[in-house]
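Asker: Give the three-dimensional model of this entry:
(one chain, ligands or ions: 1)
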Amino acid sequence: MDTPEAPDLENTTDTAQAEPEAQPLDRYECRACGYIYEPEKGDSSGGILPGTPFEELPVTWRCPVCTARAAAFANIGPSGTASGFKENFGYGLGVNTLTPVQKSLLIFGGLLSAFFVMLSLYGLN
Ligand SMILES: [Zn+2]
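Answerer: The predicted structure follows:
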């Protein structure tokens, strides 16, 4: 009795993953006041329906908090990701953003620890 249902369940999960509409829309943050436009919520005070992408907002649309133009907004990524993750990724893990001093410290620290590992190996022998 249960066997005919199993293939249907697999099909539904496949289509859900491939569905383009499931893609989260990018949120935009007002550089002037920090207001975040969330496409899933829209902007009720500005007459924007929920589900409206930022790119499709009318040119007359202004930030509901500080009335800044849409040009003052910055893309902060979809709401599905952890907040601020895209920006933190560059600052936290990007070695290229380190200063030369920090880089040499990293390299020197690495060499030093490798040296001590070798020393401890000699000590074991
Ligand atoms: Zn604003």
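Asker: those strands in this protein, which residues are they?
Answerer: 26-30, 36-37, 73-78 (DSSP state E).
Asker: Select, out of the ones you listed, the one closest to the ion.
Answerer: For the strands of the chain, proximity to the ion was assessed by CB to the ion; strand 26-30 is nearest, at 3.2 Å. Where C-beta positions appear, they are placed from N, C-alpha and C, glycine not excepted.
Asker: Mind listing the strands that closest one pairs with, and their directions?
Answerer: Looking at strand 26-30 with DSSP bridges, its partner strands are strand 36-37 (antiparallel), strand 73-78 (antiparallel).
Asker: Check whether it comes near the ion.
Answerer: Yes: counting by CB under 5 Å from the ion, contacts between strand 26-30 and the ion involve C30.
Asker: tell me the average confidence for that strand?
Answerer: In this model, strand 26-30 has a mean pLDDT of 97.
Asker: picking that back up, next, format the strands paired with strand 26-30 as TSV and append distance to the ion and mean neighbour count.
Answerer: As requested, those are exported to TSV (distance: least, CB to the ion, whole Å; neighbours: other CB atoms under 10 Å):
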stretch	distance to the ion	mean neighbour count
strand 36-37	9	20
strand 73-78	8	16
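Asker: okay, those strands in JSON lines with mean pLDDT next?
Answerer: What follows is the strands paired with strand 26-30, written out as JSON lines (pLDDT from 0 to 100):
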{"stretch": "strand 36-37", "mean pLDDT": "97"}
{"stretch": "strand 73-78", "mean pLDDT": "95"}
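Asker: Tell me which of these sits nearest to M118.
Answerer: strand 73-78 (44.2 Å; CB to CB).
Asker: can you give me the helices in the protein?
Answerer: 5-18, 85-93, 100-124 (DSSP state H).
Asker: thought V59 was touching A70?
Answerer: Yes: the criterion here is CB atoms under 8 Å, and V59 meets it with A70 at 7.4 Å.
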